[in-house]
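Novice: Curious how this folds, go ahead:
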Amino acid sequence: MKKELVKLLSISLLFIGCGSGESTSNNTSATANSATNTNSTATTQTANTPSNTSTTPAYKAINNRGIGVEGKMGNYTVKLFANNNETAKPQERHQGVVVKYNGETSETMAIQDTYKGKEIIAGIYDGDKLVKMSDSISVTDVPVVIINVK
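Specialist: Numbers count the residues shown, from 1 in each chain. I've put the predicted structure just below:
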């Protein structure tokens with residue numbers, strides 16, 4: 001009886017300590033779905049982009065959980081984009097981004113630190129309608145990157 005109890009306890013601890021691996025596969029498929037959704041969204045946004053702005057990059061800028069970064073600025077929604085597809089790195093540091101437009105300032109948004117040395121673009125939306133795209137800005141080693149949208 002004692003041996004069976006020890007055996008059962010050992011097996012239980014093994015499963016608890018190692019996990020079932022489901023969260024990793026779910027995160028991978030969620031990231032893949034996110035990239036797929038981003039590509040189809042970017043195509044739609046390009047069609048709605050005002051003529052005085054640059055084209056919408058193919059990928060959403062992500063945080064270290066692999067989630068596309070969005071924030072609020074008054075009645076607008078701000079979405080951050082990049083031309084490269086980053087892989088989510090849960091242990092990676094964050095870089096703050098603030099967008100300024102028409103005298104308003106967005107909340108500070110956190111992107112994954114792997115964007116340093118790369119360029120990002122901010123899109124300002126009123127609901128689903130693109131209002132304005134920023135010029136591309138290089139992410140540098142500063143506490144907060146400020147994007148001024150003209």
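
Novice: lowest average confidence, helix or strand, in the protein?
Specialist: Ranking every helix and strand in the chain by mean pLDDT, DSSP states H and E puts helix 22-48 at the bottom, with a mean of 36.

Novice: part of a strand, is residue 114?
Specialist: No - the assignment for residue 114, made by DSSP: H, G, I helix; E, B strand; the rest coil, is helix rather than a strand.

Novice: Which residues are in contact with it?
Specialist: 86, 89, 92 (C-beta atoms under 8 Å, 6 or more residues apart in numbering). Any C-beta I mention is one placed from the backbone N, CA and C, and that applies to glycine too.

Novice: What are the boundaries of the helices in the chain?
Specialist: According to DSSP state H, the chain carries its helices in the segments 2-18, 22-48.

Novice: Report the mean confidence score over the shortest one.
Specialist: Within the predicted structure, the mean pLDDT of helix 2-18 is 54.

Novice: pLDDT averaged over stretch 140-149, what's the number?
Specialist: Stretch 140-149 comes out at a mean pLDDT of 91.
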